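Undergrad: Quick one: sequence and predicted model below, then my questions.
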Amino acid sequence: MSNLEQRPQEQSCAGHPAGEPSPDPRLLEPREVPLGGPRAMTVRRTLPHKQIRTVGAWCFVDHYGPERTRMAVPPHPHIGLQTVSWLLSGEVEHRDSLGSLQRVRPGELNLMTAGHGIAHSEYSLGDATLHGVQLWVALTDDHRETTPAFAHHGDLPEVQEAGLRATVIVGGFAGAASPASVHSPLMAAELALSADVTVPLDPAFEYAVLALDTDIRVDDVVVPHGGLQYLGWGADELRLAAAGTTRVMLLGGEPLTEDLLMWWNFVGRTHAEIDAAREQWQAGDPRFGEVPGDANPRLPAPALPTVALKPRPSRR
Ligand code: MN
């Protein structure tokens, strides 16, 4: 998906020095972002958040649906990140400038590595209810210029325990490991709960829990549907309690030590670098290429704010 905000601001995300104490847990309330266009979808965005900008290398969390709507995101560019497309219902078709053409269904992962630059498009198929999340992973400085790549994983590992079925999307969880290729220590899992459960965490990771279906209790704190409960780092387990059957997304990773600058669909480090990527997209530069099989007009980049941001603390 694309960040279709009409006037996106630059988001600066300062990294943490090693050894910094964990921030306190807190609820990150979503903000509703209308994606514009004639068939507008509204998404609930919880990262970046003004209080917490990143969770490990996770730098962008959009949650949409369940809703009878269409996703129609024509060709647009990315740099410096990986996109994780995850559906809870519906079906989406992905095309990219590498020539990939791949449908994704619930329980399957589409993982696109933008690296130096890629263009892609995404359209929902059929009239089924659409429910899903779009996550971005910031590539660390030693990987952000990597060759672009696309991978589909249709058979992800599951962990089954009393009251819990977990699908490991990225990284490791409860002894199972996803085959998806990532470049920094991080994880994501969908947890389907039918009872109160306690799950293991890595104390070196910071974590957050997104309430996908209903309100849920996370370590005895009520997290409303759509909210992202930030947990900090240092814990070795997490307690989850729901009134009935429900699903959450668990995201975690080692706290980033690097500063990021995010704007529109780009993750970079400097205003000049973002400005150059924008100009190249607007000019049809081969850095991004064309998306074969998609005849729709490409998304034009919005205007870039003229005032360059200075890095701000990632927590406050
Ligand atoms: Mn996209």
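TA: The structure has been received and is ready for your questions. Numbering: from 1, shown residues only.
Undergrad: tell me the contacts of the residue most central in space within the chain?
TA: The central residue of the chain, meaning the one whose C-alpha is nearest the mean C-alpha position (C-alpha atoms, centre = their mean), is Leu135 at 1.1 Å. Contact partners of Leu135, counting by C-beta atoms under 8 Å, 6 or more residues apart in numbering, are 58, 60-62, 83-84, 86, 188, 251. C-beta: built from backbone N, CA, C; applies to glycine.
Undergrad: Report how many residues lie close to Met71.
TA: As a burial measure, the neighbour count of Met71 was computed by other C-beta atoms under 10 Å and equals 21.
Undergrad: correction: Pro300
TA: With neighbours defined by other C-beta under 10 Å, the count for Pro300 comes to 9.
Undergrad: How about the stretch 101-250 of the chain: which residue is closest to the ion?
TA: When C-beta to the ion is the measure, the stretch 101-250 of the chain has its nearest residue to the ion at His120, with 5.7 Å between them.
Undergrad: What pLDDT is listed against Val168?
TA: The score at Val168 is 98. That number is its pLDDT.
Undergrad: again but with Glu32, I slipped
TA: The predicted local confidence for Glu32 comes out at a pLDDT of 93.
Undergrad: C-terminal to the helix or strand of the chain with the lowest mean pLDDT, what's the next element?
TA: Here the helix or strand of the chain ranked lowest by mean pLDDT, DSSP states H and E is strand 11-13, holding a mean of 78. Proceeding N to C from strand 11-13, the next assigned helix or strand is strand 26-28, under DSSP states H and E.
Undergrad: For that following strand, name the packing helices and strands.
TA: Contact partners of strand 26-28 among helices and strands, from 3 or more C-beta pairs under 8 Å, 6 or more residues apart in numbering; DSSP states H and E: strand 228-233.
Undergrad: Pairing partners for the strand it packs on, with directions?
TA: Partners of strand 228-233 in the sheet, by DSSP bridges, are strand 26-28 (antiparallel), strand 206-211 (antiparallel).
Undergrad: Deepest in the core, which of these is it.
TA: Each of the strands paired with strand 228-233 was scored by mean neighbour count; the highest is strand 206-211, a mean of 26, by mean count of other C-beta atoms under 10 Å.
Undergrad: Put the alpha carbons of it into PDB.
TA: Taking Å, rounded to 0.1, in the frame of the first residue of the first chain, the C-alpha atoms of strand 206-211 are listed here in PDB:
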ATOM      1  CA  GLU A 206      10.700  -4.000  22.600                       C
ATOM      2  CA  TYR A 207       7.100  -5.100  21.800                       C
ATOM      3  CA  ALA A 208       3.700  -3.800  20.900                       C
ATOM      4  CA  VAL A 209       0.300  -5.500  20.600                       C
ATOM      5  CA  LEU A 210      -2.400  -4.400  18.000                       C
ATOM      6  CA  ALA A 211      -6.000  -5.400  18.900                       C
END
